[in-house]
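Engineer: any chance you can model this:
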Amino acid sequence: MHDGPLTRHSLVLRLRNPRDRTAWEEFVEIYEPLVHRLVRRRGFQSADADELTQDVLLAVVRAVDRWEPDPSRGTFRGWLATISRRLMINFLSCPARRLAGTGRSSVVEQLLQLPDSDPALSQVYDLELKRREFDWAARRVRDQVEASTWEAFWRTAVDSQPVVDVARELGLSPGAVYIARSRVMRRLRTIVETLNRGCSGGGGNHD
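Structural biologist: Predicted coordinates for the structure are as follows:
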């Protein structure tokens, strides 16, 4: 059974090298917004979510030596969820933060009662990860093509504007707009496939 978008196993493993600054930057670019959204969905205020997100990312880096891309030992999603839940509980259990009337105790109880696999949270994770991967790839493709090519793709494929209207405004033929859109979409697919290359083992669960 497919377990959502493929986790960038190679990137996560590269975090073990403290000198690989690019790996850390790419990991933060993709996973920081994802973790922040998941924390916010648990009822945390924005400032608390900001702090918790940084704590989660740092915890991942510190513990990455103990994680292996082995489906029999669980998915990266599950590992990340466990780290996030533990840090959320620790955050709310801190006496300095246990303020009267905030409902923090009830939130801790809810976190403790969460099942190991939360379908609703998994769906959010899947959708957010797909969005982050698209954004990550889009920024790279945009720098590789002409402005008019990118504009033709974005306005027709993302903004859903009519090809005829976009062609007229960009001074292109409708055929040229279709070609531009196809070219960008092909490059996006290539980058995302490269992003996830080596993460699947031929039919097992993917993370």
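Engineer: so residue 143 versus residue 88, what's the distance?
Structural biologist: 37 Å (C-beta to C-beta, to the nearest Å). For every residue, glycine as well, the C-beta is placed using N, CA and C.
Engineer: who has more neighbours out of these two?
Structural biologist: residue 88 (25 against 8; other C-beta atoms under 10 Å).
Engineer: so the more buried one touches residue 39, yeah?
Structural biologist: Yes: with contact defined as C-beta atoms under 8 Å, residue 88 reaches residue 39; the gap is 6.7 Å.
Engineer: need the residues touching each of these two.
Structural biologist: residue 52 (C-beta atoms under 8 Å, 6 or more residues apart in numbering).
Engineer: for the helix or strand hosting residue 92, give the mean pLDDT please.
Structural biologist: Take DSSP states H and E as the rule and residue 92 turns out to sit in helix 76-93. On average, the pLDDT along helix 76-93 is 79.
Engineer: ok, stretch 47-59 next?
Structural biologist: 88.
Engineer: and the strands in the protein, which stretches?
Structural biologist: Assigned by DSSP state E, the chain shows no strands.
Engineer: residue boundaries of the helices in it?
Structural biologist: Applying DSSP state H to the chain gives helices spanning 9-14, 21-41, 46-63, 76-93, 104-112, 119-142, 147-153, 163-170, 174-196.
Engineer: any idea which of these scores lowest on pLDDT?
Structural biologist: helix 104-112 (a mean of 48).
Engineer: the residue nearest to residue 148 when sequence neighbours are not counted: neighbour count?
Structural biologist: The spatially closest residue to residue 148, leaving aside those adjacent along the chain, is residue 170, at 5.5 Å (C-beta to C-beta, 6 or more residues apart in numbering). By other C-beta under 10 Å, the residues close to residue 170 number 17.
Engineer: so what's residue 170 up against?
Structural biologist: 148, 151, 152, 177.
Engineer: centroid-nearest residue for the chain?
Structural biologist: residue 129 (3.2 Å; C-alpha atoms, centre = their mean).
Engineer: now do it against residue 31, distance only.
Structural biologist: Taking C-beta to C-beta, one finds residue 129 at 8 Å from residue 31.
Engineer: so which bits of stretch 176-195 are buried?
Structural biologist: If you call a residue buried by 16 or more other C-beta atoms under 10 Å, then stretch 176-195 has these buried ones: 176, 177, 180, 181, 183, 184, 187, 188, 191, 192, 195.
Engineer: quick one: that stretch to chain centroid distance?
Structural biologist: Centre-to-centre, stretch 176-195 and its host chain are 20 Å apart (C-alpha atoms, centre = their mean, to the nearest Å).
Engineer: what of stretch 132-148?
Structural biologist: On C-alpha atoms, centre = their mean, the centre of stretch 132-148 falls 16 Å from that of its chain.
Engineer: buried set for that stretch?
Structural biologist: Buried-residue list, stretch 132-148, by 16+ other C-beta under 10 Å: 132, 133, 136, 137, 138, 141, 142, 145.
Engineer: got CSV for these, with distance to residue 47 too?
Structural biologist: Below are those laid out as CSV (distance: C-beta to C-beta, whole Å):
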residue, distance to residue 47
132, 22
133, 27
136, 26
137, 31
138, 29
141, 34
142, 32
145, 39
